[in-house]
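Participant: Build me a model from this:
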Amino acid sequence: MSTPRKPPNFEKSLSELEALVERMEEGEMSLEDSLKAFENGIRLTQHCQQALTRAQQRVQILMQGEDEPGIRRDRGPTGRDRAQLLREPPMSPSSTSLEAYRRRAELALEALVAGDMIGRADTHLAQAMRYSLLAGGKRLRPVLVYAASDALGGARADAADCDRAACAIECLHTYSLIHDDLPAMDDDDLRRGMPTCHKAFGEASAILAGDALHTLAFELLCDAPSVGATVRLQLIETLALASGSRGMVGGQAIDLAHVGRDIEITTLEMMHGMKTGALIRAAVRIGALLAGAGEENLARLDRFARHLGLAFQVQDDILDLCGDAAALGKQPGSDAALAKPTYATLLGADGAQRLGTELRDAALLELAPLGTRAAPLRELAHFVVSRDR
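Facilitator: All right, here's what the predicted structure looks like:
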């Protein structure tokens, strides 16, 4: 099984990166060495960026102290209020709101498959699409679209357009699950307690159903009548970046490349930031864009979503190590069976749980300036690290 290697410190990483750039600029490296150097450079750059981000977060936390004379800063909760924000799930109406969001997403998806956008209902392809799209699940990503929009007031967001965006996110997520379950990928038999799409409809139909759901996601965003052309392009760009080689697909490629191999924790974080985190970040950004968010709130919610996405993956890894099959809807241990590196195997269950809590807390701190309107997002942050499925 893969074992963790302690990542280098910031100074060492920066020094190695500078030396690597100098070697590449000399132009005397072979093609094979150049490719290896490029991969190593990406890893070192990622580590330096993460170190700087952690330092910035520590500075922000330290700045929660007394204001300078004559200067007033709105830094959100401090002291006991800050501790309560981090440790206690918010009270009602958050839980009610989350269930309302989830039910709204279900109704929107049911309306989608009842219409003509998936083609003739009696075709094998349409049946496979419907089977996978309506198979249940947490509906986390569509819920994030609604919650992010409402956290910013939601006054500019058209309800029908929010529903279309929520469906688009879930179509893209479902496509990724169908393809991840294929024999060439994770080769899973069960998904959400039901036979996977390729087990129920055959491998060829599963591939086509995934392809169709992928393109349907973009069709839904293109046809958002209340959204201006500029925002519509931003929505499409957000989903495209999250799903391609710089997002989910790229993360899956890194995952497959490291099966049975040693991996550094920074590479694991980069992989899951792409494979899992990219679509979670996209869901939050799309909800914020529909609400007319400015750059400051877009950046704030993106930081929240980045922490949330990694926390979600950490909990996924813990559940795969020691979760309950009945609750999960599938057998745990699939990652271990495939010799895949995970947070739980690298850090142990306790270490992974501590990391998940740290990520949740970092996510919650980003929401402080948004006040009570962000209560559903806070509840989601607590949910992702305490869920059992």
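Participant: Flag the shaky bits of the stretch 201-350 of the chain, pLDDT-wise.
Facilitator: Within the stretch 201-350 of the chain, the stretches with pLDDT under 70 are 323-333.
Participant: Find the centremost residue of the protein, please.
Facilitator: Centroid-nearest residue in the chain: Gly277, 2.4 Å away (criterion: C-alpha atoms, centre = their mean).
Participant: quick one: it and His307 touch, right?
Facilitator: No. Gly277 lies out of contact with His307 (C-beta atoms under 8 Å); the separation is 9.0 Å. Every residue, glycine included, has its C-beta placed from N, CA and C.
Participant: Could I get the full set of strands for the stretch 151-300 of the chain?
Facilitator: Using DSSP state E, counting those that start in this stretch, the strands of the stretch 151-300 of the chain run over 190-191, 194-195.
Participant: among these, which is the most enclosed?
Facilitator: Most buried of those by mean neighbour count (mean count of other C-beta atoms under 10 Å) is strand 190-191; its value is a mean of 20.
Participant: Where do the helices of the stretch 201-350 of the chain begin and end?
Facilitator: For the stretch 201-350 of the chain, the helices defined by DSSP state H, counting those that start in this stretch cover 203-222, 229-243, 248-257, 265-275, 277-290, 295-322, 325-328, 334-337, 343-367.
Participant: closest to Leu144 out of these?
Facilitator: Leu144 lies closest, by C-beta to C-beta, to one member of the helices of the stretch 201-350 of the chain: helix 277-290, at 4.0 Å.
Participant: For that closest one, name the packing helices and strands.
Facilitator: helix 140-151, helix 159-180, helix 229-243, helix 248-257, helix 295-322 (3 or more C-beta pairs under 8 Å, 6 or more residues apart in numbering; DSSP states H and E).
Participant: What are the buried residues along the longest one?
Facilitator: Read that as helix 295-322. Residues of helix 295-322 classed as buried by neighbour count (16 or more other C-beta atoms under 10 Å): 297-298, 300-321.
Participant: hang on, the earlier thing: out of the helices and strands packed on helix 277-290, nearest to Ala126?
Facilitator: Closest to Ala126 of the helices and strands packed on helix 277-290 is helix 159-180 (C-beta to C-beta; 13.4 Å).
Participant: any idea of the mean pLDDT for that closest one?
Facilitator: For helix 159-180, mean pLDDT is 97.
Participant: Surely Ile286 and Leu241 touch.
Facilitator: No. Look at Ile286 against Leu241 with C-beta under 8 Å: they stay out of range, at 11.6 Å.
Participant: neighbour count winner among these two?
Facilitator: Each of Ile286 and Leu241 has its neighbours counted (other C-beta atoms under 10 Å); Ile286 has more, 28 against 15.
Participant: Spatially nearest residue to that one (excluding sequence neighbours)?
Facilitator: Leaving aside its sequence neighbours, Ile286 sits nearest to Ala165 (C-beta to C-beta, 6 or more residues apart in numbering; 5.1 Å).
Participant: okay, now that neighbour: neighbour count?
Facilitator: Residues near Ala165, counting by other C-beta under 10 Å: 31.
Participant: can you pull the contacts of Glu203?
Facilitator: By C-beta atoms under 8 Å, 6 or more residues apart in numbering, the residues touching Glu203 are 182-183.
Participant: go with 10 Å
Facilitator: Glu203 makes contact with 182-184, 197 under the criterion C-beta atoms under 10 Å, 6 or more residues apart in numbering.
Participant: thinking again about what came up before, please render the strands of the stretch 151-300 of the chain as JSON lines that adds distance to Leu347 and mean pLDDT to the earlier fields.
Facilitator: Shown next, in JSON lines, are these (distance: least, C-beta to C-beta, whole Å; pLDDT from 0 to 100):
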{"stretch": "strand 190-191", "distance to Leu347": "27", "mean pLDDT": "90"}
{"stretch": "strand 194-195", "distance to Leu347": "32", "mean pLDDT": "94"}
